[in-house]
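Visitor: build me a structure from this.
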Amino acid sequence: MDKKLNILFLASWYPNKLLPKNGNFIQQHAIAVSNYCNVAALHIIANVQEDNFVVEEKLENGVFEVIVYYKKITNKIPGIAHLQKLNRRHKAHLLGYNRIVEKIKKIDVIHLNVVFPAGNFALYLKNKFNIPFIISENWTGLLPTAKHQLTIFIKKLVVKTFNQAAIICPVSEDLMNAIKSISSSNKFEIVPNVVNTKVFNYSPLTLGKKILHISNLKDEHKNITGILDTIKELSKIRDDFFISIIGDGDYEYFIRYAEKIELPKHLYNIEGAKSYQEVAKLMQTHDLFLLYSNYENLPCVIAEALVCGMPVLTSKAGGTAEMVDKSNGIVIPAANNKVLLNELNTMLDNLSTYNKTAIAENAVEKYSYESVGKQFLEIYKRVLNI
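Guide: The predicted structure follows:
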């Protein structure tokens, strides 16, 4: 096959001027695929603006990105507001789609990313133009442990979209099982999230006992207070370690919390969001990655840490246990500070037993642009029978 396939990444989430980090893992998938296919990405999002529609286009890392901002519906009557929103969203999708078709002419496969709400437009394109679609799924809202259950309307649309997909590509086995519980489809292939290995890579430095946590700092999700409470207990046993807690949430709250529980100040640092490159540097200059979530899917941050050769201590939540084994870390129960304390104490004493080079090499083989991009290319070819 000499001619590159034209792939439309239809994204329910995608980085944009309102939410710069929203769905950045989808953008990374698009970049991975762009090494083997012509890729355009389409995302729409509501905005408070004068015009009904504002379109932004740019070529970013080999991906032609089209973001359509549509005027937010202000009608307060529920039924009418809902219909107006559906209509405006559809027009926004059509506007963006037409811009993309002008650029790359024919779409071979639609790559829907996160089934809702963009799935409605994937169904429209399939029925009108007979374009097959696959789904990459990363939505924790589909998991049985999800805090908010889907409404009847959303669940009906979600099930219909899954059932009409050519292939469903959850990022984890855990999520695949959740989808199987509501969908009649039997066409699944797990494809993990991807890591930019040019930015994230192993740097063989002689370090010490430095722990790193990076997340959105939402406590009900990432259990930051559980980490801090455990670090406080660990400080009563030893003081030969340091923990950095980094994130784009309310980090000042956790600074106050650490002060409240009288965590020794020389043992920790809590800071706000960092750039992609800064995160990579932090991973290259710390020894152990800690993620103690109450629920998860397939965290990109664990994949990034492993690619940097870091052993990982994580709670069993979503697909985390599929990423971490005894060769690259330890998996513990969620919300069990006693177990976290014991295992953290043990890992700090045994960091030298982990083969960081092997951890990095195995992770690159699984999560690199090349590996994931090739996997998707084979899926597209299978869908098209070529």
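Visitor: which intervals of the stretch 1-150 of the chain have sub-threshold pLDDT?
Guide: Counting by pLDDT under 70, the low-confidence segments of the stretch 1-150 of the chain come to 1-2, 147.
Visitor: show me the strands in it, by range?
Guide: Per DSSP state E, counting those that start in this stretch, the stretch 1-150 of the chain carries strands over the ranges 6-11, 38-47, 53-60, 63-71, 109-113, 133-137.
Visitor: mind putting these in a markdown table, distance to Leu217 and mean neighbour count included?
Guide: Where you see a C-beta, it was placed from the backbone N, CA and C, and this is true even at glycine. Output for those, formatted as a markdown table (distance: least, CB to CB, whole Å; neighbours: other CB atoms under 10 Å):
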| stretch | distance to Leu217 | mean neighbour count |
| --- | --- | --- |
| strand 6-11 | 24 | 26 |
| strand 38-47 | 23 | 23 |
| strand 53-60 | 27 | 13 |
| strand 63-71 | 26 | 22 |
| strand 109-113 | 25 | 26 |
| strand 133-137 | 25 | 24 |
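Visitor: how about these in CSV, adding distance to Ser371?
Guide: Output for the strands of the stretch 1-150 of the chain, formatted as CSV (distance: least, CB to CB, whole Å):
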stretch, distance to Ser371
strand 6-11, 17
strand 38-47, 17
strand 53-60, 22
strand 63-71, 18
strand 109-113, 17
strand 133-137, 15
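Visitor: wait, which of those strands is closest to Met347?
Guide: Between Met347 and these, the tightest spacing by CB to CB is seen for strand 133-137, at 31.8 Å.
Visitor: mind listing what's buried in whatever helix or strand comes next after the closest one?
Guide: Reading on from strand 133-137 to the C-terminus, the next helix or strand found by DSSP states H and E is helix 152-164. In terms of neighbour count (16 or more other CB atoms under 10 Å), helix 152-164 has its buried residues at 157-159, 161-162, 164.
Visitor: nearest to Phe129 among those?
Guide: Looking at the buried residues of helix 152-164 and their distance to Phe129, the nearest is Gln164, at 13.9 Å (CB to CB).
Visitor: isn't that closest one right up against Leu125?
Guide: No - between Gln164 and Leu125 no contact is recorded; they are 11.1 Å apart, counting by CB atoms under 8 Å.
Visitor: list the residues that contact both of those two?
Guide: With contacts defined as CB atoms under 8 Å, 6 or more residues apart in numbering, the residues shared by Gln164 and Leu125 are Phe133.
Visitor: state the helix or strand in which Leu290 lies.
Guide: strand 288-291.
Visitor: which other residues reach that strand?
Guide: 209-215, 222, 227, 243, 283, 299, 301-302, 305, 310-315, 320, 329, 344, 347-348, 351.
Visitor: stretch 168-183 now?
Guide: Here stretch 168-183 makes contact (CB under 8 Å, 6+ apart) with 134-138, 142-144, 155, 158-159, 162-163, 185, 187-193, 297-298, 318-319, 322, 376, 379.
Visitor: nearest residue to Glu21 in space, please, no chain neighbours.
Guide: Residue 21: Lys, not Glu. The shortest distance from Lys21 to any non-neighbouring residue, by CB to CB, 6 or more residues apart in numbering, is to Pro15 (6.3 Å).
Visitor: for the one you found, grab the count of nearby residues.
Guide: Per other CB atoms under 10 Å, the neighbour tally for Pro15 reads 20.
Visitor: the one 5 residues further on now?
Guide: Using other CB under 10 Å, Pro20 has 10 other residues around it.
Visitor: name the residues of the strand holding Leu290 that are buried.
Guide: Residues of strand 288-291 classed as buried under the neighbour-count rule (16+ other CB under 10 Å) are 288-291.
Visitor: likewise stretch 101-121?
Guide: Here stretch 101-121 shows 104, 107-121 as buried, counting by 16+ other CB under 10 Å.
Visitor: what of stretch 307-319?
Guide: Residues of stretch 307-319 classed as buried under the neighbour-count rule (16+ other CB under 10 Å) are 307-319.
Visitor: from those residues, which is closest to Phe25?
Guide: When the buried residues of stretch 307-319 are compared for distance to Phe25 (CB to CB), Gly319 wins out at 12.8 Å.
Visitor: contacting residues around the closest one?
Guide: Taking CB under 8 Å, 6+ apart as the contact definition, Gly319 lies against 171-175, 296-299.
Visitor: excluding covalently adjacent residues, which one is nearest to it?
Guide: When the adjacent residues along the chain are set aside, Gly319 lies closest to Ser172, with 2.7 Å between them (CB to CB, 6+ apart).
Visitor: neighbours of that neighbour, how many?
Guide: One way to gauge burial is a neighbour count; for Ser172, by other CB under 10 Å, it gives 25.
Visitor: coming back round to it: between the buried residues of strand 288-291, which is nearest Glu233?
Guide: Checking these against Glu233 with CB to CB, the nearest one is Leu290 at 14.3 Å.
Visitor: how much space separates the closest one from Leu348?
Guide: According to CB to CB, to the nearest Å, Leu290 and Leu348 sit 11 Å apart.
Visitor: return every residue with contacts to both of these two.
Guide: With contacts defined as CB under 8 Å, 6+ apart, the residues shared by Leu290 and Leu348 are Ile211.
Visitor: you'd agree Leu207 is up against Leu282?
Guide: No - with contact defined as CB under 8 Å, Leu207 and Leu282 do not form a contacting pair (11.9 Å).
Visitor: the two: who's more crowded?
Guide: A direct count of neighbours by other CB under 10 Å for Leu207 and Leu282 places Leu282 higher, at 19 against 14.
Visitor: and the longest helix anywhere in the chain, what other elements does it pack with?
Guide: Using DSSP state H to assign secondary structure, the helix with the most residues in the chain is helix 78-104. Using 3 or more CB pairs under 8 Å, 6 or more residues apart in numbering; DSSP states H and E as the contact test, the elements touching helix 78-104 are strand 6-11, strand 38-47, strand 53-60, strand 63-71, helix 119-129.
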